[in-house]
Each structure stands twice: as structure tokens, then as C-alpha cells.
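S.K.: predicted coordinates and the sequence they were generated for:
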Amino acid sequence: MAIANHGESGESYSASLGRGRLNKVIDVMMPGDYLFLQFAHNDMKERGDGKGAFLNFKVGMEKYIAAAREKGGIPVLVTPMHRRRFDSKGKNVNTFGDYPEAGRQTAREMGVPLIDLLQMSAELYEALGPEGSSVLFKQGDGTHHNNYGAYQLAKCVVEGIRNAVLDVAPWLVSDLIPFSPSKPDPIGEFQVPASALVKANKPDGE
């Protein structure tokens, strides 16, 4: 199994479309390939006529779901993960407006599997609290995650794959332990695994 990441940091759906990134994904798609679509994190910043969660954004998701299916692909929608924003009661605040709901609605209407990372990330952040959740992010940042935070969110997505009973789930490692976002891995036990491409032995010579 091969995984290709065609995402680009900071891009909205409109930007990816305009730069031909999504067209490239469809062009190389083979029957049985999975297409995980996650937008909204930057789309909510767009303004202008025809822009909006239930306008160009929802129409765009529907378009690429249909295009993926036409190529024999299997589309999956993923809602965005929260930013680190808490209210006075310690609950995470949705900063994306209607965009996550537009994704959920599209999934329901088109019969597409949904991984609700917005919900799972809320559970994760709230389990650590307004102050404690800072360990998930780069220093002084409430949007971009560090290695620990990215790993916890990746485990959320993997758990979403398993819960959605996707056909790709059997490809997950056999010793995978079920993960609950409300019970994140202790940060004191977290280590970034060494790259499989890096050798510990030095080469001969100088």
C-alpha cells in the first residue's frame, strides 16, 4: 500500500483547485484508491460573492466526490481539527463557522464516510485543558501542532478509519491499540520514532 500526500500547507479548496492540485489527484487515481478530503481550515477565511460553506465549498466537495467515484475511487471526508480556543467553561470553541457542518451534510447526502476530526480534536484538547493542551502545539501557537500533537491527531484519524469500517482498515498494523482522544498518550512517554531510512552505522572512510 502506498500513501501520497497532495496537501499543501495554508491552501483553501479554491486555491488547490486553481493550482490544479485536485485535478492531478483525480488524474492519477486508480480504481480502489481512497481519497481523503480535508478542507475548511483556510476556506473560512475567504470572502466574496459565491464564497461560503454552503456555496462554493460544499459544491466543490460534491464535485470531487463525484470525480473520484467516476474513476473508481473511494472518497472520505475529514472535518478540520480545532484550533486551541476555549470558552470560560473549558470547552473548545469552533472557529470554522458552518464549514464543518457543510462537510458533514455533504457526507450524509452523498453517502460518503466521514471522519469527524473536529469532534475528536475537541475531546483531545479538552482532556488536557485550556493550559495543558499547549503541549500539543508549537510554542506560542494555537493552530500548528508539534510532533506530539500531530501524532495524537494521526491516531484519531486511524481510529476514525477503523470505526468507519473502511475496506482499508485491514491494512492497519495488527497490534494497533484502540485510541480514545479523551485519553491521550502521556507526553512523558512520547518519542519520535527513528526514520527507517536512517542508518545508525557510519560509512567507511573519512
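M.R.: Everything's here; your move.
S.K.: next, the buried residues of the lowest-mean-pLDDT helix or strand in the chain.
M.R.: Sorting the helices and strands of the chain by mean pLDDT, DSSP states H and E puts helix 13-18 at the bottom, at a mean of 73. For helix 13-18, burial by neighbour count (16 or more other Cβ atoms under 10 Å) applies to Tyr13, Ser14, Ser16, Leu17. Where C-beta positions appear, they are placed from N, C-alpha and C, glycine not excepted.
S.K.: so the first one is in contact with Leu55, correct?
M.R.: No: under the criterion of Cβ atoms under 8 Å, Tyr13 is not in contact with Leu55, lying 11.4 Å apart.
S.K.: for Leu166, the count of nearby residues, please.
M.R.: Neighbours of Leu166 under the rule other Cβ atoms under 10 Å: 17.
S.K.: separation between the closest residue to it other than its chain neighbours and Leu37?
M.R.: Nearest non-adjacent residue to Leu166, counting by Cβ to Cβ, 6 or more residues apart in numbering: Pro113, 6.1 Å away. Distance of Pro113 to Leu37, given as Cβ to Cβ, to the nearest Å: 11 Å.
S.K.: of these two, who's got more company?
M.R.: Relative neighbour count places Leu37 above the other of Pro113 and Leu37, with 22 against 18, counting by other Cβ under 10 Å.
S.K.: which parts of this structure are strands?
M.R.: 34-37, 74-78, 114-115 (DSSP state E).
S.K.: which outside residues touch the last one?
M.R.: Strand 114-115 is contacted from outside by 36, 76-79, 103-104, 107-108, 156-157, 160-161, 164, using Cβ atoms under 8 Å, 6 or more residues apart in numbering.
S.K.: repeat the analysis, applying 10 Å as the threshold.
M.R.: Strand 114-115 is contacted by residues 36, 38, 76-79, 103-104, 106-108, 156-161, 163-164, 166 when judged by Cβ atoms under 10 Å, 6 or more residues apart in numbering.
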